[in-house]
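Participant: sequence and predicted structure are below.
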Amino acid sequence: MRIVLLGAPGSGKGTQAKQLVEKYKIPQVSTGDLLRAAVSAGTELGKKAKAAMDAGQLVSDDIVLGMIQERLSKPDAKAGFILDGFPRNIPQAQSLDSMLARLGQPLQLALLVDVDQEVLMKRLTGRRNCSNAACGAIYNIYFSSPKTANKCDKCGSSLTHRSDDNEDTVRKRLTVYEQQTAPLVSYYKAQNKLRSVKGVGAVGEIFKNMCDIIEVQIRPLANVMGQAAAAVGKGKAASAAKASAKAAPAAKVAPVKKAAPAKPAKKAAPKKVAKKPAPKKTAAKKKVVKKAAPKKGKPKAKAKPKAKAKKPK
């Protein structure tokens with residue numbers, strides 16, 4: 001299952017990504033997390049990324065794609081992945097498609113969490129965070145305000161308002177999204193990979209709608225691909241069998257199979273019947289001998305009159 005999540009800042013796609021990870025047991029690949037981890041670990045790509053950031057430049061697409069490729073090579077990504085935060089524009093999407101094609105892991109679904117801009121403004125500007133890092137509770141003064149203003153319901157700590165959650169900054173962020181990232185909707189729609197879900201309402205209901213889309217879009221495709229892979233496997237096995245048969249022709253003789261027909265042995269039974277007429281033939285020979293004996297005795301009886309003719313002298 002290979003998914004890219006699309007959505008404006010404040011759409012809630014990050015929250016939904018975590019739930020998808022829980023359900024489908026595949027990793028969420030966030031480019032922001034990858035960059036921080038690579039820089040912290042001091043990897044080759046991490047050093048290049050740090051050099052770009054220290055110079056006040058954007059990290060190049062090649063570096064980001066290299067990090068994604070390294071991440072997808074890990075065992076937990078064999079069954080799939082959820083891309084979050086990348087791609088952000090059409091050139092990045094094209095580069096990502098090329099890289100995934102080389103890996104034999106093309107995207108199966110682009111899932112858009114769709115939220116109106118006015119709702120996004122309230123979500124981002126109305127966010128309040130618990131100052132206690134151990135608590136980490138998040139509120140919104142428009143949708144889920146605390147019982148006591150500026151106090152956490154869980155631990156009683158004060159609530160803070162992020163500096164970049166002011167209206168001017170948020171509006172600029174949304175404008176950038178519309179100009180650069182929104183065209184990805186058309187890009188993936190042209191590939192027939194785009195599906196969207198309304199990102200408004202209960203978190204559980206939004207998640208259920210996302211799972212329904214995944215089951216319809218990806219599961220049948222995975223089954224078809226699995227069958228195709230099985231067919232290819234059978235074809236390779238058949239080719240291997242032919243190759244081994246050529247290498248060892250004696251295996252084709254299979255003497256056991258040729259000697260196996262025990263059924264013809266039953267046909268040999270009529271031969272026993274043919275042996276029964278044999279006594280009749282010998283009996284016929286004995287009768288012929290008995291008839292010939294009287295013929296030899298008659299000439300001996302005619303020889304007696306010759307002796308009587310000699311007496312008159």
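Facilitator: Nice, I can see it. Just so it is clear, the structure is predicted and the values come from calculations on it, not from any experiment. Residues are numbered from 1 along each chain as shown.
Participant: in the helix or strand in which residue 215 is found, what counts as buried?
Facilitator: For residue 215, the host element (DSSP states H and E) is helix 203-217. Neighbour counts using 16 or more other C-beta atoms under 10 Å place 206, 207, 209, 210, 211, 213, 214, 217 of helix 203-217 among the buried residues. The C-beta positions use only the backbone N, C-alpha and C, and glycine is treated the same way.
Participant: output the contacting helices and strands for it.
Facilitator: Packing partners of helix 203-217 (3 or more C-beta pairs under 8 Å, 6 or more residues apart in numbering; DSSP states H and E): helix 13-24, strand 109-114, strand 194-198.
Participant: okay, those, which one's buried deepest?
Facilitator: Of those, the one with the most neighbours on average (mean count of other C-beta atoms under 10 Å) is strand 109-114, at a mean of 21.
Participant: so that strand versus helix 13-24, what angle?
Facilitator: Using axes from the mean of the first three to the mean of the last three C-alpha atoms, to 10 degrees, the interaxial angle of strand 109-114 with respect to helix 13-24 works out to 140 degrees.
Participant: let's see the helix or strand just after strand 109-114 as PDB, backbone CA atoms only.
Facilitator: With elements assigned by DSSP H and E, the helix or strand that comes after strand 109-114 is helix 117-125. Coordinates of the C-alpha atoms in helix 117-125 are reproduced here as PDB (Å, rounded to 0.1, in the frame of the first residue of the first chain):
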ATOM      1  CA  GLN A 117      -9.800  27.900   3.500                       C
ATOM      2  CA  GLU A 118     -11.900  29.700   6.100                       C
ATOM      3  CA  VAL A 119     -12.000  26.600   8.300                       C
ATOM      4  CA  LEU A 120      -8.300  26.200   7.900                       C
ATOM      5  CA  MET A 121      -7.800  29.800   9.000                       C
ATOM      6  CA  LYS A 122      -9.700  29.200  12.200                       C
ATOM      7  CA  ARG A 123      -7.900  25.900  12.900                       C
ATOM      8  CA  LEU A 124      -4.500  27.400  12.500                       C
ATOM      9  CA  THR A 125      -5.000  30.800  14.200                       C
END
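Participant: tell me what whichever helix or strand comes after helix 117-125 is packed against?
Facilitator: Going down the chain from helix 117-125, the next helix or strand is strand 127-130, by DSSP H and E. Contact analysis of strand 127-130 by 3+ C-beta pairs under 8 Å, 6+ apart lists strand 138-140, strand 159-160 as its packing neighbours.
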